[in-house]
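Visitor: Generate coordinates for the sequence data below:
(2 chains)
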Amino acid sequence: MPIIELQEVSKLYGFGDATTVALDEVSLAIDAGEFVAVMGPSGSGKSTLMNVIGLLDRPTHGNYKLNGRQVERLRPTRQAKARRDTIGFVFQSFNLLPKLSVLDNVALPLAYKGMSQARRQKRAAEILDRVGLADREYFMPRQLSGGQAQRAAIARALINNPNIIIADEPTGNLDSASSRLVMELLSDVHKAGNTILMVTHNPELTRYASRVVFMHDGGVIADEKSTIGEVHETLRRSMYFMPKTTEEDDLAGVSALMLAIPDKLIGQKKTAKSKKRPKTSKAKYKAVSQTRPKTKKRGKK
Amino acid sequence: MIGRSGNLRMAVESIRLAKWRSLLTMLGIIIGVVSVVTTVSLGEGAKRGILAETNQAGADLITVRPGAIGRSRDEAASLFGASYTGTLSEKDYEAVSQVPGTEQTVPFSYVTNSISKDDHKFEGGMVIGTTEGLPAALGQKLTYGAFFEDDEPQRNAAVIGQRVAEQLFGENVPIGKYFTVRGKQFIIRGIFEEFDTSPLASGSDYNSAVFIQYDVGKELTGGSDIYQLLVRPADPAQTSQVAAGITETLRTVHAGQDDFAVLEQKDKLASANDMLTLMTGFVAGIAAISLIVGGIGILNIMLVAVTERTHEIGIRKAVGATNRQILSQFLTEAVILSAAGGVLGILFSLLTNYLFRIFTTLTPVLTWPIMIAAFGVAVLVGIIFGVTPALTAARKHPIDALRHE
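Guide: Model prediction:
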C-alpha cells in the first residue's frame, strides 16, 4: 500500500477570471522508502504539491490518503498532530526560529508533543550529533553557516522519527560543498528507511533519487524510476536545462518552453535541431544550473 | 496543557527582547493598579483613623444630638454636621442625666466663636461650655495644666486647644494668661494635647476650641445652646439599654417627637464606614477605568506581535503546533505582561503609600486582600484582552503564515 496516495488532487487560488490552477488533477502514489525528486520550472506547482502532501495546505478537490487514511478533511488539530508525528519539513530558507538556540529549535516538535524539557534537550542533542552539529548546540541560528543551518533544520525534521521527509529545495540557498553535505545527510536518512520527497532545480541531485517526477503547469508530465547514484537519464539527455533555442527556432517562433518538454511525453517529433545538440557533460549541467536566478537570498527575512 | 513550561519561558523571553515596548505596555496596568490600590488604602486609612478616635473616646460612649436620624444616607450626612438642626434644651440635659444607668452626662453648648485678647481677635475657633467630665469622656489628656472643676472659684478658668495657644498667644504654654469672651475675662488653666482630627470624623475641630464652664457659658449667652451630650453609662455592658432609656425619656420630654438622635459609638462607626466604603468604591471605580485602558494597550501590542510573528507561527505550525498550543503561547504572553504590570503596580503602590505617609498627614493602609485583588484584576485584564490576539494567531492558516515575511 502506498504511503502517500493522491487522486486527482487540484488546488485553485482566487475566484472567477483570476483563478489560478496551482495543481491540476494530480494523481500520484508514493511507496514507503522511495526518494522522490520533484522537478519542474518555477510555478509548475511543485511547492503546492509538497504543501498539500505535508498537510500545510488543503486541496480544493480530490482525495489524499496518508498512510491509508483520508486526511484532507481532518480537523486542524489532527492535521497538526500528523505534521508533528509523521512528516518532517526541510525548507529552502531553513525556517529556524531566530530567537531560539539551535538546540531549542531542534527540540521544538518534542515540546509540542509534551515531552519534558530535560528529555527533549537530550534527544535534540543526540540528533544534532548525528547531523554533525554537536558543537553548535547553543549557537543561535544567525551564527550558523547556511549548510549548518540546513543540517539543524534536518535534525529538527528528524527528531520525531517521521516516516516522510518533505524537502522543498533544501540546497537552494547553499553552495555546492554544503549542498553535498546536506544531500549526503538526506541520503543517509533515506537509507535508514524513510520516505523522502524533494523539490529541486538541480539535475545533479537526481543522483540521490529513486524516482523523478516532472511537473509542468500544475500537472505531472513525467514520472520515472531513477537509479541511485546516477543523474537521471532523461535529464542527462537533457533537453531540459541546456540552451534551448537556436536562431532557426527563434525565426520559426518556437519557444524554449515547448522545447523543454521531452519528445516522448508530448508524442511529437522534435525539430531537427535536437540532434545537433552537443553531448552534454556534467560540468555543463552544473554551470547552467548555477546560473539560475536565485530569488531568495539567505538571511533575508 | 502541553508545552506549558516552554510557553512560559518563550513568553518571558519575548518580553525581555522587547523591554521598552513591554514596559510601556505595562504602564497602563501599572497606573491602574497604583491608582486603585492607593485610593482603597487611603479609604482604609481613614476608616482606621475613625476607629482609633472612637476607641480613644471610649466604645461605651453615647452621643445625643438634636435633629432626627433617618436612613443610613442621612446618618452619613450627619457626620458633616449637615443635619444638625435645632438644639437640645436645658430640660433635655437634666432629663438625660437622670436616666437610670447613666454615670456621667457631659454637655457641649455653643457659646460663641469670637475670642479676643487685648486688640487681638481669634476667628475660626469656638467657645464651648461644658463640665468637668469632658476630658474623661473624650479620652483626651492635657499637655499642661489641669481641667477646671465645676465649682464657684473656677468660674473664669478656661482650657484651650493647641491651635488657640499658638495663634492667639503665639506660644506653646500660655498658662495664666488672660483673654476675653463676650466681655468677660478668662484665665487659661490648661492646654489640651493635640486632638487627632480626621476630616471626616466629627463636626468640629477641638484644637481650635476654648472650653469654659457650662454655667458660665449659659450666663454669657443668656440661654443654653446644647448641640451635643456625651453620656457615659455606669456599666459599659448596658450601653444599649441606657441608650434606649435615653431615647424613651427624650421622647416623653419632646412630647413624642423624634427630633433628636441617640447614637452609640458603634452606630457612628458604622455610618462612617458605610460612607467611606461608598466613597472609596466610587473613586476606585473611576481609577479602575485606567486598568481597562491598560488592557487595551495589551490588546494592541499583542495584535502587533501576532502580525510581526506570523512567519514564526507558520514555522511552529509546520513542526506540529496545534491551534490550541499557539493560542496558549500568545495568551501566556499577554497574561505575563499584565501580571508583571500588576506586580510593578503593587511595588509602586508601596512607594506611593510611603510618600503619602512622609509628605502628608494622611495615613494610607495597604492590606493584603486589596493587593491580591488588584493583582488578580490585572491578570484578569490580561486574559480578557489577550484572548482576541491569541485566537487570531491560533486561527492562522499554516501555509499563509509560513509564506508571510
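Visitor: What's the nearest residue in chain B when you look at chain A?
Guide: Nearest residue of chain B to chain A (C-beta to the nearest C-beta) works out as B:Gly320 at 2.3 Å. All C-beta spots, glycine's among them, are computed from the backbone N, C-alpha and C.
Visitor: Count the residues that sit near that residue.
Guide: Residues within reach of B:Gly320, counting by other C-beta atoms under 10 Å in any protein chain shown, total 26.
Visitor: which SS state does the residue lying closest to B:Gly161 once chain neighbours are set aside fall under?
Guide: In this structure, B:Gly161 finds its nearest non-sequential neighbour in B:Asn207, 4.2 Å apart by C-beta to C-beta, 6 or more residues apart in numbering or on different chains. On the three-state scheme (DSSP: H, G, I helix; E, B strand; the rest coil), B:Asn207 is labelled helix.
Visitor: repeat for A:Glu224
Guide: strand.
Visitor: swap in the one 10 residues further on?
Guide: Secondary structure assignment for A:Thr234 (three-state DSSP): helix.
Visitor: any idea how far A:Arg136 is from it?
Guide: Using C-beta to C-beta, to the nearest Å, A:Thr234 is found at 39 Å from A:Arg136.
Visitor: can you check A:Gly88 too?
Guide: Using C-beta to C-beta, A:Gly88 is found at 19 Å from A:Arg136.
Visitor: More neighbours: which of those two?
Guide: Taking other C-beta under 10 Å, A:Gly88 and A:Arg136 do not tie; A:Gly88 has more neighbours (30 against 21).
Visitor: Find the nearest non-adjacent residue to the more buried one, please.
Guide: A:Gly88 sits nearest to A:Ala157 (C-beta to C-beta, 6+ apart), 2.9 Å away.
Visitor: Please, which helix or strand holds that neighbour?
Guide: Using DSSP states H and E, A:Ala157 sits in helix A:146-158.
Visitor: now B:Ala378
Guide: In this structure, B:Ala378 is located in helix B:368-394 according to DSSP H and E.
Visitor: right, is that helix up against chain A?
Guide: No. Counting by C-beta under 8 Å from any C-beta of the partner chain, chain A is not contacted by helix B:368-394; separation bottoms out at 9.1 Å.
Visitor: mean confidence for the helix or strand following that helix?
Guide: Downstream of helix B:368-394, the first helix or strand assigned by DSSP H and E is helix B:398-403. Averaging pLDDT along helix B:398-403 yields 92.
Visitor: which residues touch the closest residue to B:Ala339 other than its chain neighbours?
Guide: Nearest non-adjacent residue to B:Ala339, counting by C-beta to C-beta, 6+ apart: B:Val379, 5.1 Å away. Under the criterion of C-beta atoms under 8 Å, 6 or more residues apart in numbering or on different chains, the neighbours of B:Val379 are B:335, B:338-339, B:342.
Visitor: gap between B:Val379 and A:Arg83?
Guide: For B:Val379 relative to A:Arg83 (C-beta to C-beta), the value is 33 Å.
Visitor: Tell me the residue of the stretch 151-300 of chain A that sits nearest chain B?
Guide: A:Arg156 (6.5 Å).
Visitor: quick one: that residue and B:Arg316 touch, right?
Guide: No. Counting by C-beta atoms under 8 Å, A:Arg156 stays clear of B:Arg316, with 11.5 Å between them.
Visitor: Surely B:Val99 is within a strand?
Guide: No. With three-state DSSP as the criterion, B:Val99 is assigned coil and is not in a strand.
Visitor: Does the closest residue in space to it that isn't next to it in sequence lie in a helix or a strand, and which?
Guide: In this structure, B:Val99 finds its nearest non-sequential neighbour in B:Gly245, 4.7 Å apart by C-beta to C-beta, 6+ apart. Counting by DSSP H and E, the element that carries B:Gly245 is helix B:239-253.
Visitor: mind listing what's buried in that helix?
Guide: Residues B:239, B:242-243, B:245-247, B:249-250, B:253 are the ones in helix B:239-253 that count as buried (16 or more other C-beta atoms under 10 Å in any protein chain shown).
Visitor: For B:Asn300, the count of nearby residues, please.
Guide: 14.
Visitor: thinking again about what came up before, who does the helix holding B:Gly245 touch, helix- and strand-wise?
Guide: Packing contacts for helix B:239-253, counted by 3 or more C-beta pairs under 8 Å, 6 or more residues apart in numbering or on different chains; DSSP states H and E, involve strand B:62-66, helix B:90-97, strand B:226-233, strand B:260-264.
Visitor: The stretch 151-300 of chain A against chain B: which residues are in contact?
Guide: So the stretch 151-300 of chain A meets chain B at A:156, A:160 (C-beta under 8 Å from any C-beta).
Visitor: Low-confidence stretches in the stretch 151-300 of chain A?
Guide: For the stretch 151-300 of chain A, residues meeting the criterion pLDDT under 70 lie at A:236-247, A:250, A:253-300.
Visitor: Mind jotting down where the strands sit in it?
Guide: Ranges of strands in the stretch 151-300 of chain A, per DSSP state E, counting those that start in this stretch, are A:164-168, A:195-199, A:211-216, A:219-225.
Visitor: could you dump the longest one to PDB, C-alpha only?
Guide: The C-alpha trace of strand A:219-225 is given here as PDB (Å, rounded to 0.1, in the frame of the first residue of the first chain):
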ATOM      1  CA  GLY A 219       0.300  18.600 -13.600                       C
ATOM      2  CA  VAL A 220       2.700  15.700 -13.500                       C
ATOM      3  CA  ILE A 221       4.100  15.200 -17.000                       C
ATOM      4  CA  ALA A 222       6.600  12.500 -16.300                       C
ATOM      5  CA  ASP A 223       7.200  10.100 -13.500                       C
ATOM      6  CA  GLU A 224      10.200   7.800 -13.900                       C
ATOM      7  CA  LYS A 225      12.300   5.500 -11.900                       C
END
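Visitor: Can you tell me the strand partners of that strand and which way each runs?
Guide: If you go by DSSP bridges, strand A:219-225 pairs up with strand A:211-216 (antiparallel).
Visitor: what's the answer for the first one, then?
Guide: Using DSSP bridges, the strands paired with strand A:164-168 in its sheet are strand A:87-90 (parallel), strand A:195-199 (parallel).
Visitor: Which residue does chain A have closest to chain B?
Guide: Relative to chain B, the nearest point of chain A is A:Arg84 (2.3 Å; C-beta to the nearest C-beta).
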